[in-house]
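>>> the following comprises the amino acid sequence and a computationally predicted model.
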Amino acid sequence: MLFPGERGILAFMERRRHRRVSAQVKSLLRANSHEVEGEALDLSLGGARIESSLEVHPGKQIAVKLIVPGDDTPILIEQARVQWTVDRTFGVRFVDVRQQEMDELEQLIDECIALDEGREA
């Protein structure tokens, strides 16, 4: 049995092209000319759910730097578009990701999956 509104959530999840994993990755978000800290709460190759004090609205274009522990160079996604916002949390879709960043993002997602599977065992 579905509760009101649940059908919309299921339809949204079915539309996702990429597997989404739980994460807690420190992030730097740039909109216009200032940078604000945030945290990516989950990640996929196509986007992320982020918690931050950065004021955004759907359609806003931002840059996202993911600070990977133990890595000197952050993963920089120059073009991410805000899809939705709720309080201090918002979802972004990665619009244009260079191949090197895509490879690093894929590796980070694999590491998140391995950590999650290690906790379940």
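Sure thing, it's come through. Residues are numbered from 1 along each chain as shown.
>>> point out where the protein drops to low pLDDT.
Applying pLDDT under 70 to the chain picks out residues 1-18, 118-121.
>>> what residue lies at the spatial centre of it?
By C-alpha atoms, centre = their mean, the chain has its centre lying nearest to Ala48, at 1.5 Å.
>>> for that residue, helix, strand, or coil?
Using DSSP: H, G, I helix; E, B strand; the rest coil, the structure places Ala48 in strand.
>>> Three-state assignment for the residue nearest to it when sequence neighbours are not counted, please.
Excluding its sequence neighbours, the residue lying closest to Ala48 (C-beta to C-beta, 6 or more residues apart in numbering) is Ala40, at 4.6 Å. Backbone N, C-alpha and C define where each C-beta goes, glycine included. Put simply, Ala40 is strand when judged by three-state DSSP.
>>> OK, contacts around Ala40?
Ala23, Gln24, Val25, Ser27, Ala48, Arg49, Ile50, Val64, Leu66 (C-beta atoms under 8 Å, 6 or more residues apart in numbering).
>>> 10 Å - rerun?
23-27, 29, 47-52, 64, 66-67, 75, 92, 108, 112 (C-beta atoms under 10 Å, 6 or more residues apart in numbering).
>>> next one: Glu111
Val21, Ala23, Val68, Pro69, Gly70.
>>> among the residues you listed, who's most crowded?
Highest neighbour count within the contacts of Glu111, by other C-beta atoms under 10 Å: Ala23, with 22 neighbours.
>>> thinking again about what came up before, please tell me I have it right and the residue nearest to the centre of the chain contacts Val97.
No - using C-beta atoms under 10 Å as the test, Ala48 is too far from Val97 to be in contact (11.5 Å).
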